[in-house]
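*Asks:* no sequence on this one, just coordinates:
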């Protein structure tokens with residue numbers, strides 16, 4: 001049932017979303033889901049621990065003791081809550097009806113259950129504190145259950161993207177000569193590989209030419225890891241990492257904590273996590289072997305690569321082609337790899353460099369996310385979007401590569417889009433917040449890129465911030481900090497199960513997903529910006545069918561008031577068919593279409609020319 005009706009919600013569902021909607025013709029399916037290009041995917045990003053609890057028996061991961069041993073405490077936002085692979089598998093029908101074609105989940109690998117200083121501990125529910133890269137975390141299920149999930153998704157034509165980490169492992173290594181409360185980064189200039197503990201220290205690692213030479217011959221001369229700190233591993237954890245080679249400190253940078261600036265961004269420990277020496281040929285070969293095995297054994301369809309910018313370019317130049325070869329040999333022709341390069345600015349230049357220098361096939365489109373926040377949260381002109389899309393030429397492969405970039409509005413680190421919009425507009429009403437969030441999803445599902453839905457957004461989730469505050473439970477939550485959130489589009493709270501297919505955001509995403517799948521122009525089609533303004537208002541693009549060249553027009557109003565604009569379109573255009581929202585029936589003159597949109601409204605149209 002629909003749990004709440006707002007005036008603007010009614011407008012959104014009638015005037016913008018559902019009225020005048022042409023039922024999309026069923027698109028002929030490809031010969032196999034493997035044939036779909038990355039640009040054709042509609043991705044759902046989920047933290048398994050927070051989605052659905054399908055097996056209560058694995059809540060404590062097979063461990064015995066209190067929460068500091070098992071990591072399980074559903075009342076605490078930083079601990080395991082019980083979601084698992086069985087729960088995710090049980091809800092595939094829900095995701096299929098939403099229109100999802102690919103599922104990306106947070107890392108599934110075995111994690112260190114709990115880490116952190118006394119009194120500030122938290123658990124590895126998120127998956128980023130890996131100890132064993134070869135099996136699923138016991139809180140989530142077994143290897144057989146993982147394969148069952150992949151097979152079930154594939155049976156529905158859904159792809160599966162694994163979230164992988166090559167930059168670091170769990171925090172196991174300590175430094176005998178440092179302060180555990182603050183392992184200050186020690187630079188390569190002050191603490192070169194050639195001396196013990198500083199430039200005046202005793203000579204070590206004779207003949208080692210530094211990390212710029214990743215040859216086996218050079219790294220054979222790196223025999224001591226104590227050039228900056230003296231690494232040590234507690235006796236209880238000396239063999240905790242799998243594969244076993246990961247337990248040797250020689251394969252880590254051991255320089256202290258990163259401040260995420262300058263040199264330490266690549267060589268420092270990420271929030272204390274053990275930073276792998278990715279320049280080392282053994283590390284490169286080991287990581288390639290680990291993730292090749294996952295592809296071969298499970299048939300997953302791609303990797304989201306965590307903390308990609310903190311890894312040296314040479315690693316990616318070896319890793320990417322090796323995994324492409326393995327995927328090809330495994331019958332996965334469109335294996336997708338996209339790196340996380342966090343940069344909160346609407347500028348493609350910074351993230352694009354990682355596709356050129358490092359050789360990453362794609363990156364998460366943080367530029368798109370930042371631009372969407374600028375126009376829908378901060379009232380900036382739609383020129384911001386135009387300028388951001390101008391940067392598509394900067395990616396290796398140019399605009400063709402940009403078609404497959406995963407676009408998103410919010411995530412598990414920065415926070416939900418609803419939260420960000422509210423932060424930018426503290427006095428915004430629930431009606432307007434819902435309208436802006438709905439417009440954001442309508443735009444993301446229509447503009448170039450592979451759209452990523454953050455789990456719970458389709459249920460109107462609203463968090464108090466980023467990180468742990470943006471990782472609410474979809475199944476009934478026992479976390480007070482989540483249950484007092486005021487969700488949008490519903491009177492529900494996270495204290496109850498939230499899989500309501502009548503929720504206005506669920507309905508909107510399902511509708512636009514169907515339109516996108518039915519019309520290849522909206523996924524694989526070239527995009528051309530047609531109209532933008534220096535202030536909040538109209539933004540329009542044309543998308544062109546990659547096979548027929550037919551033109552589609554998507555027009556959006558980012559202003560809180562109704563707007564009109566004559567929008568450029570092809571000079572052959574004569575008729576206009578409405579797919580969603582409010583489209584004019586015909587052009588006003590060759591090359592121009594008259595559009596009138598309500599506040600936060602949209603129009604998605606198919607253009608008919610004289611030859612049709």
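*Replies:* Received, thanks. Remember, it's a predicted structure, so these values are computed and weren't measured experimentally.
*Asks:* Tell me how far the residue sitting furthest away from the middle of the chain lies from residue 224.
*Replies:* Distance from the centre of the chain peaks at residue 202, with 45.8 Å (CA atoms, centre = their mean). Distance, residue 202 to residue 224, by CB to CB, to the nearest Å: 10 Å. All C-beta spots, glycine's among them, are computed from the backbone N, C-alpha and C.
*Asks:* hey, what's in contact with both of these two?
*Replies:* Contact criterion CB atoms under 8 Å, 6 or more residues apart in numbering; residues shared by residue 202 and residue 224: residue 196.
*Asks:* coming back round to it: wait, the residue farthest from the centre of the chain sits on residue 195?
*Replies:* Yes - under the criterion of CB atoms under 8 Å, residue 202 makes contact with residue 195 at 6.6 Å.
*Asks:* picking that back up, without its sequence neighbours, what residue ends up closest to the residue farthest from the centre of the chain?
*Replies:* Counting by CB to CB, 6 or more residues apart in numbering, the nearest residue to residue 202 once its immediate chain neighbours are dropped is residue 196, at 4.8 Å.
*Asks:* so what's the one you found up against?
*Replies:* By CB under 8 Å, 6+ apart, the contact set of residue 196 is 202, 203, 204, 224, 226, 227.
*Asks:* would you say residue 443 is within a strand?
*Replies:* No - according to DSSP: H, G, I helix; E, B strand; the rest coil, residue 443 belongs to no strand; its state is helix.
*Asks:* Residue 319: what secondary structure?
*Replies:* Assignment for residue 319 (three-state DSSP): helix.
*Asks:* ranges for the helices of the stretch 351-500 of the chain?
*Replies:* 366-376, 383-390, 398-402, 417-424, 430-444, 480-483 (DSSP state H, counting those that start in this stretch).
*Asks:* Relative to residue 136, which of those helices is closest?
*Replies:* Checking those against residue 136 by CB to CB gives helix 480-483 as the closest, at 25.0 Å.
*Asks:* of the helices of the stretch 351-500 of the chain, which approaches residue 526 most closely?
*Replies:* Nearest of those to residue 526, taken as CB to CB: helix 398-402 at 7.0 Å.
*Asks:* Can you give the distance from that closest one to the centre of its chain?
*Replies:* 19 Å (CA atoms, centre = their mean, to the nearest Å).
*Asks:* Top of the contacts of residue 196 by number of neighbours, please.
*Replies:* Within the contacts of residue 196, residue 227 tops the neighbour count with 24 neighbours, counted by other CB atoms under 10 Å.
*Asks:* Kindly indicate whether that one is helix, strand or coil.
*Replies:* coil.
*Asks:* Could you report the pLDDT at it?
*Replies:* Listed pLDDT for residue 227 reads 98.
*Asks:* roughly how far apart are the nearest residue to it once chain neighbours are set aside and residue 225?
*Replies:* Excluding the flanking residues, the one nearest residue 227 by CB to CB, 6+ apart is residue 193, at 4.9 Å. Distance, residue 193 to residue 225, by CB to CB: 10 Å.
*Asks:* Please identify which of the two sits among more neighbours.
*Replies:* Using other CB under 10 Å as the criterion, residue 193 and residue 225 rank with residue 225 on top: 21 against 17.
*Asks:* Tell me the spacing between the more buried one and residue 172.
*Replies:* 14 Å.
*Asks:* same thing with residue 431?
*Replies:* Taking CB to CB as the measure, residue 431 falls 50 Å from residue 172.
*Asks:* Repeat that for residue 356.
*Replies:* Plainly put, residue 356 is 35 Å away from residue 172 if you go by CB to CB.
*Asks:* Pick out whichever of these two has more residues nearby.
*Replies:* residue 172 (23 against 13).
*Asks:* what are the ranges of the strands in the stretch 101-250 of the chain?
*Replies:* All strands of the stretch 101-250 of the chain, identified by DSSP state E, counting those that start in this stretch, fall at 102-105, 109-111, 114-115, 122-123, 130-136, 159-164, 174-175, 231-232.
*Asks:* which of the ones you listed sits most buried?
*Replies:* strand 109-111 (a mean of 26; mean count of other CB atoms under 10 Å).
*Asks:* Off-centre distance for it?
*Replies:* Counting by CA atoms, centre = their mean, strand 109-111 comes out at 19 Å from the chain centroid.
*Asks:* tell me what it is packed against?
*Replies:* Strand 109-111 sits against strand 130-136, with contacts defined as 3 or more CB pairs under 8 Å, 6 or more residues apart in numbering; DSSP states H and E.
*Asks:* Now do the strand it packs on and strand 159-164, the angle between them.
*Replies:* In terms of direction (axes from the mean of the first three to the mean of the last three CA atoms, to 10 degrees), strand 130-136 departs from strand 159-164 by 160 degrees.
*Asks:* hmm, who's touching strand 130-136?
*Replies:* By CB under 8 Å, 6+ apart, the residues outside strand 130-136 that reach it are 85, 107-112, 142-143, 145-146, 165, 169-170, 172, 240-243, 246, 290, 293.
*Asks:* Quick check: mean pLDDT of that strand?
*Replies:* Mean predicted confidence for strand 130-136 is 98.
*Asks:* ok, now stretch 482-502?
*Replies:* 98.
*Asks:* Determine how far the last residue of it lies from the first.
*Replies:* Across stretch 482-502, the terminal residues are separated by 22 Å (CA to CA, to the nearest Å).
*Asks:* count of residues packed around residue 504?
*Replies:* What residue 504 shows, counting by other CB under 10 Å, is a neighbour count of 27.
*Asks:* Do I have it right that it meets residue 437?
*Replies:* No - using CB under 8 Å, residue 504 is not in contact with residue 437; the gap is 9.8 Å.
*Asks:* any common contacting residues for those two?
*Replies:* Common contacts of residue 504 and residue 437 (CB under 8 Å, 6+ apart): residue 460.
*Asks:* Below-threshold pLDDT in this protein: ranges please.
*Replies:* 1-31, 610-612 (pLDDT under 70).
*Asks:* Kindly state the beta-bridge partners for the closest residue to residue 586 other than its chain neighbours.
*Replies:* Using CB to CB, 6+ apart and skipping the chain neighbours, the partner closest in space to residue 586 is residue 575 (5.7 Å). Legend: beta-bridge partners of residue 575 under DSSP bridges are residue 586, residue 608.
*Asks:* Compute the number of surrounding residues for residue 575.
*Replies:* Using other CB under 10 Å, residue 575 has 15 other residues around it.
*Asks:* Quick one: residues contacting it.
*Replies:* Contacts of residue 575 (CB under 8 Å, 6+ apart): 585, 586, 587, 607, 608, 612.
*Asks:* Now do residue 53 against residue 151, distance only.
*Replies:* Distance from residue 53 to residue 151, by CB to CB: 21 Å.
*Asks:* which one of the two has more residues nearby?
*Replies:* Higher neighbour count among residue 53 and residue 151: residue 53, with 22 against 13, using other CB under 10 Å.
*Asks:* That one reaches residue 59, doesn't it?
*Replies:* Yes - assessed by CB under 8 Å, residue 53 is found in contact with residue 59 at 7.3 Å.
*Asks:* Show residues contacting stretch 320-337.
*Replies:* Residues from elsewhere that reach stretch 320-337 (CB under 8 Å, 6+ apart): 34-38, 41, 159, 161, 288, 291-292, 295-296, 299, 301-303, 305, 359-362, 404.
*Asks:* Make a ChimeraX selection of the buried ones in these.
*Replies:* Selection of buried members from the contacts of stretch 320-337 for ChimeraX, criterion 16 or more other CB atoms under 10 Å:
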select :34,36,37,38,41,159,161,288,291,292,295,299,301,302,303,305,359,360,361,362,404
